[in-house]
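[1] Dropping the sequence and predicted coords here.
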4 protein chains.
Amino acid sequence: MPRDGETSPRTATLLMKCPDRKGLVRSIADFISGNGGNILHADHHIDFETHYFFSRVEWEIDEFTIPAGEIAASFRPLAEAYAMEWRLRFSDEHPAVAVFVSGLGHCLVDLLHRWSIGEFPGSVVAVVSNHLDLKETAEHQRIPYYHFPITAQNKRAQEAKELELLSSLGVDLVVFARYMQVVSDEFIACYPNRIINIHHSFLPAFIGASPYARAYERGVKLIGATSHYVTPVLDAGPIIEQDVMRVTHRDTLEDLIRKGRDLERVVLARAVRLDLDRRVLAYANKTVVFD
Amino acid sequence: MPRDGETSPRTATLLMKCPDRKGLVRSIADFISGNGGNILHADHHIDFETHYFFSRVEWEIDEFTIPAGEIAASFRPLAEAYAMEWRLRFSDEHPAVAVFVSGLGHCLVDLLHRWSIGEFPGSVVAVVSNHLDLKETAEHQRIPYYHFPITAQNKRAQEAKELELLSSLGVDLVVFARYMQVVSDEFIACYPNRIINIHHSFLPAFIGASPYARAYERGVKLIGATSHYVTPVLDAGPIIEQDVMRVTHRDTLEDLIRKGRDLERVVLARAVRLDLDRRVLAYANKTVVFD
Amino acid sequence: MPRDGETSPRTATLLMKCPDRKGLVRSIADFISGNGGNILHADHHIDFETHYFFSRVEWEIDEFTIPAGEIAASFRPLAEAYAMEWRLRFSDEHPAVAVFVSGLGHCLVDLLHRWSIGEFPGSVVAVVSNHLDLKETAEHQRIPYYHFPITAQNKRAQEAKELELLSSLGVDLVVFARYMQVVSDEFIACYPNRIINIHHSFLPAFIGASPYARAYERGVKLIGATSHYVTPVLDAGPIIEQDVMRVTHRDTLEDLIRKGRDLERVVLARAVRLDLDRRVLAYANKTVVFD
Amino acid sequence: MPRDGETSPRTATLLMKCPDRKGLVRSIADFISGNGGNILHADHHIDFETHYFFSRVEWEIDEFTIPAGEIAASFRPLAEAYAMEWRLRFSDEHPAVAVFVSGLGHCLVDLLHRWSIGEFPGSVVAVVSNHLDLKETAEHQRIPYYHFPITAQNKRAQEAKELELLSSLGVDLVVFARYMQVVSDEFIACYPNRIINIHHSFLPAFIGASPYARAYERGVKLIGATSHYVTPVLDAGPIIEQDVMRVTHRDTLEDLIRKGRDLERVVLARAVRLDLDRRVLAYANKTVVFD
């Protein structure tokens, strides 16, 4: 697809999953081509263990005979016939993102720079934090900063306020950019597979606190970082992206932390981009990533 | 796709390229699903610079209403309507492969072991060499070894004999596993995009002779290996796969050569497998790799 | 160091560890240079948590005034003064290695090829197995194959015979090249940090059985392999080397196993080479690797 | 070395190169230990092709009997006896760095954030640019921004002013963070091996302009980035660090550029840190990197 602003055609993208059945690919192709759509990308995957079908199709809609506002309604009967879960997205939509942080700013600085140069679709509508450290960083980029200090006592109440804020801003995706709080199951339930976290280890190794210290202690020769959707089980949600970096006996714990920052930035940014491009489908606690 | 022998269904795979046109995906899906085929994998790619369409579709043929022997003929009209180049392959076919070597055996030993444990489809029907060094290696695996010593004088004549041999054995793919001879354009013309070479650098750096010595001299911090289809221009054919490995000032030239062997083995083996699985389409001196 | 056979000088290598104290580097340099030795490599490391000193020094001994046979005795007083653990090795020694295997041959084939082309010092004096599958592979390379079938009943008795064999062959290093048996603490105690195992995951993730199946189940985006010294705690010994490879949702469990073989081969081979070159020092369940 | 601010001892670091001679390691150890210095790190390397000796030694100077201000003078006789090139550095020095940029800000944003969280020693005393695009970025971090627009006519004169500025600020290291100008040999001669450039390819592939476009055209499967010291020959100076990233046929040229930014940032930052930590020695158009 031509990606430079001037020439990109307006497109629609369907992201679908359902039990596999004969004729699925054909039915989808018929719906799009039969209504004058020009398919730009089509990627299908079948999981042969669960017999599930996953698909991402993107097509030009300028000559599509169904108006953009009616595509969802027109597609619904087909989707229901196959018992699909599906999402429809248009290339000119701008999903709203909220970034949660605590004291460490490397991921936030990196994400905001990426948005500022147009690397991601959508826009950051809020930086939310339990601390004030990164207020200036956000405001320098003209992003509103919301401060919700968290204590054992006020946690539930503060989360309620955060959810209210996210709802009022129409937030589509929440990013935990080294946010050092475990959020409640209720919070997570409001954003199923819509919260991306970065964990500073190659999961499932070193789940939980202080992964670098434990990696150092164990004497590993590689450190890692993992971005995943947040589920109620700590660090156990569907993995979107992982990467690693080589370390040696010469690296102190502080070196691991420094090297790890380079991993965290990149692994989180890749996951956010893949999600906002509607390239990720979660299922069975895994992900299908159409890259 | 279930890959363990007992449960794998018999499949057909179409590999197609043609100028992009509206309705292509649908026409292909119609041909397969309309004749009772169950699509297992479908991957499409459009190159927006050349406006070319590339596709790989694999489907179960047990309930396909067109008999295997007639699929090609049935598909031809559609292919011609879209001016396609295409290849059809069945999962129970066994492509014949010839491996060319000189004195270095690491790639050959590796490839033959992979075949012996069923990692690749097809089978090696000949090891061809201008030397005798690896005769025992081939024969230990019960592969016929053909010795064609090459001199400036006999080169043309020997190549003719090699081509005769390949033709008589019905060879589908030729693999240059560190074969230290530059073959003639005539030889290459007989196997367009059917000869895979391994070059011991990350092309296009260090084209030609002694890439490790030149990498050492230049002081690079990464060495590489590249597998590509052979074309008349030296080391300039479509790249199938590349990989690199870290080196330091502590590495001597001999260390580079040793480390490089690990790259060469793996990069060549990946390319051979991708090709034999009919996952590679060459165009415009590049490749589309449906992995 | 010039590594091509003809010109390499004869060298001695000291591998030392002890509590850190002022003057250590100087004392070692004095011992070598003061006796006419020309230092070729010297690498020191201090662990600032445990305050331990680690060192590897290699020097030419052709003009060394202490005869090779007396170096150990001459060095002992210095070593004792600093409470060192140390090992002395000469470049013309040939350590004897025993490789243990079960049914999978990819690591064995790879290791034996490396020895055959001179990639490792020393030589394989025995292949030991609880199965007969790889007998021909070993014997093709003219390595004696010893078959010790293991049952719950005979395990202790068979291990005793294995130890007897290793002892009679003067084995310095034992390599578990996908050996599918957990050996007893008694066996391990005979070869402290002298047994190298390859585990098919990035430890400490997926300790124990079926790591690929569990990686597949968890939906990781990277698979790994780890070589480590064997200690009584399963898969928890000092890590020598690790590496990873990218996988996607398209990879079946069988693909993970296939890709993993490439990791296992290389990660095990690197560890064996580093150990035989006397570049590895184990301490505090970690390793210092002077590469 | 303990790296957390409070407990780190004050250290001196010597970086040395000279023709290899017997007794070098011992002479250096004698100089340091003989004057009460406690050696923390010592790394030596001999290049056996050129017979050159390279060394980096770091020691605590709190109990060193030679005052910091006199160490250089005391070491000079030894250095001269061995015809050394050498540099002495103290852990509490703060080298001044100037960063040159043009229109692209990703490397600058990244470098300034690293300085702001203490990842690098020293400090940025100037951002120099031929454009105004990144003025706000620099000034937000309170770094003076100097604007020197360059035309074919004024180039020599502007360079003279830049050199005057650098000299007046006592700049030790110049970083070209995607600075889109080729500077004159005279400029380079003022900072031999003191200018670090980031080139957006795995050199020596794609020297010169538009490396991503040429990588895209060639159909490579890996893109790279290279940091090197600037010499009068374009993109041919000693390489400090390189890294690569995987690309596929699905990646457009714009994707290559986006992925490449992640490489450029990290590869440049690693080189700057290694240099400022006095871990890099250039020789014979290569580098020795004591990491």
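    That came through, no problem.
[2] okay but A:Val99 is in contact with A:Gly122, surely?
    No: look at A:Val99 against A:Gly122 with Cβ atoms under 8 Å: they stay out of range, at 11.6 Å. Any C-beta I mention is one placed from the backbone N, CA and C, and that applies to glycine too.
[3] Of those two, which one has the most company?
    Neighbours were counted for A:Val99 and for A:Gly122 using other Cβ atoms under 10 Å in any protein chain shown; A:Val99 has more, 27 against 17.
[4] Spell out the secondary structure type for that one.
    The three-state label given to A:Val99 by DSSP: H, G, I helix; E, B strand; the rest coil is strand.
[5] Let me know how buried the single nearest residue of the stretch 101-250 of chain A relative to chain B is, in neighbour terms.
    With Cβ to the nearest Cβ as the measure, the residue in the stretch 101-250 of chain A that lies nearest chain B is A:Arg246; the distance is 7.5 Å. Around A:Arg246 there are 12 other residues, counting by other Cβ under 10 Å.
[6] In this structure it contacts A:Asp255, no?
    No: the pair A:Arg246 / A:Asp255 is not scored as a contact, 11.5 Å apart, by Cβ under 8 Å.
[7] Now for the residue in the stretch 51-200 of chain A positioned nearest to chain C: which residues touch it?
    Chain C sits closest to A:Phe54 of the stretch 51-200 of chain A, with a gap of 7.9 Å, by Cβ to the nearest Cβ. By Cβ atoms under 8 Å, 6 or more residues apart in numbering or on different chains, the residues touching A:Phe54 are A:16-17, A:44-47, A:281, A:283, A:288, C:249.
[8] Please repeat the previous calculation with a cut-off of 6 Å.
    Applying Cβ atoms under 6 Å, 6 or more residues apart in numbering or on different chains, one finds that A:Phe54 lies in contact with A:17, A:45, A:281, A:288.
[9] in stretch A:66-80, what's buried?
    When burial is assessed from 16 or more other Cβ atoms under 10 Å in any protein chain shown, stretch A:66-80 yields the following buried residues: A:66, A:71, A:75, A:78-79.
[10] what is the mean pLDDT for stretch A:145-159?
    Taken as a whole, stretch A:145-159 has an average pLDDT of 96.
[11] try stretch A:108-115
    Here the mean pLDDT over stretch A:108-115 is 97, rounded to a whole number.
[12] Equivalent analysis for stretch A:264-277, please.
    If you average the pLDDT values across stretch A:264-277, you get 97.
[13] Now whichever strand or helix holds A:Val57 - C-alpha only, PDB.
    Using DSSP states H and E, A:Val57 falls within strand A:52-60. Coordinates of the C-alpha atoms in strand A:52-60 are reproduced here as PDB (Å, rounded to 0.1, in the frame of the first residue of the first chain):
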ATOM      1  CA  TYR A  52     -10.000 -21.600  14.400                       C
ATOM      2  CA  PHE A  53      -9.900 -19.300  11.400                       C
ATOM      3  CA  PHE A  54      -8.200 -15.800  11.600                       C
ATOM      4  CA  SER A  55      -8.200 -13.200   8.800                       C
ATOM      5  CA  ARG A  56      -7.200  -9.700   8.100                       C
ATOM      6  CA  VAL A  57      -8.400  -8.100   4.900                       C
ATOM      7  CA  GLU A  58      -7.800  -4.500   3.700                       C
ATOM      8  CA  TRP A  59      -9.400  -3.000   0.700                       C
ATOM      9  CA  GLU A  60      -9.900   0.300  -1.100                       C
END
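[14] Figure out how far the helix or strand following that strand is from the centre of its chain.
    Sequence order places helix A:68-81 as the next helix or strand after strand A:52-60, per DSSP H and E. Between the mean C-alpha point of helix A:68-81 and the mean C-alpha point of its chain there is a distance of 25 Å (Cα atoms, centre = their mean, to the nearest Å).
[15] Any buried residues in the helix or strand just after helix A:68-81, and which?
    Counting by DSSP H and E, the element after helix A:68-81 in chain order, helix or strand, is strand A:85-90. For strand A:85-90, burial by neighbour count (16+ other Cβ under 10 Å) applies to A:86, A:88-89.
[16] returning to what we had before: run a quick neighbour tally on the closest residue to the residue of the stretch 101-250 of chain A closest to chain B other than its chain neighbours.
    If the residues on either side of it in the chain are set aside, A:Arg246 comes closest to A:Leu222, at 5.9 Å by Cβ to Cβ, 6 or more residues apart in numbering or on different chains. Residues near A:Leu222, counting by other Cβ under 10 Å, number 21.
[17] A:Leu222: what's it in contact with?
    Going by Cβ under 6 Å, 6+ apart, the list of residues near A:Leu222 reads A:244, A:246, C:242.
[18] Narrow the residues you listed to those in strands?
    Among the contacts of A:Leu222, DSSP state E puts A:244, A:246, C:242 in strands.
[19] okay if I get those residues as CSV plus pLDDT?
    Supplementary listing: the ones in strands among the contacts of A:Leu222 in CSV, determined by pLDDT from 0 to 100:
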residue, pLDDT
A:Val244, 97
A:Arg246, 97
C:Gln242, 98
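[20] Name the residues of chain A found near chain B, please.
    The interface of chain A toward chain B, taken as Cβ under 6 Å from any Cβ of the partner chain, is made up of A:2, A:22-23, A:25-26, A:29, A:33, A:38-39, A:42, A:44, A:48.
[21] quick one: average pLDDT of stretch A:124-141?
    Stretch A:124-141 carries an average pLDDT of 96.
[22] How far does that stretch sit from its chain's centre?
    20 Å.
[23] near chain D, anything from it?
    Yes: for stretch A:124-141, a contact with chain D is found by Cβ under 6 Å from any Cβ, at A:His140.
[24] Check which helices and strands the lowest-mean-pLDDT helix or strand in chain A sits against.
    Among the helical and strand segments of chain A, the one scoring lowest on mean pLDDT, DSSP states H and E is strand A:38-47, with a mean of 92. With contacts taken as 3 or more Cβ pairs under 6 Å, 6 or more residues apart in numbering or on different chains; DSSP states H and E, strand A:38-47 sits against strand A:52-60.
[25] So what's the model's average confidence on the strand it packs on?
    Mean pLDDT, taken over the full extent of strand A:52-60, equals 95.
[26] So what are the sheet partners of that strand and their directions?
    In the sheet, strand A:52-60 lines up against strand A:11-19 (antiparallel), strand A:38-47 (antiparallel) (DSSP bridges).
[27] Export these to JSON lines and append columns for distance to C:Glu186.
    Conversion of these to JSON lines gives the following (distance: least, Cβ to Cβ, whole Å):
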{"stretch": "strand A:11-19", "distance to C:Glu186": "53"}
{"stretch": "strand A:38-47", "distance to C:Glu186": "46"}
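[28] Generate a markdown table for those, with mean neighbour count and distance to B:Cys107 as supplementary columns.
    Formatted as a markdown table, those follow (neighbours: other Cβ atoms under 10 Å in any protein chain shown; distance: least, Cβ to Cβ, whole Å):
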| stretch | mean neighbour count | distance to B:Cys107 |
| --- | --- | --- |
| strand A:11-19 | 20 | 41 |
| strand A:38-47 | 21 | 32 |
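[29] just so I know, which of those lies nearest B:Asp235?
    Among the strands paired with strand A:52-60, strand A:38-47 comes nearest to B:Asp235, with 32.3 Å by Cβ to Cβ.
[30] Cool, thanks, talk later.
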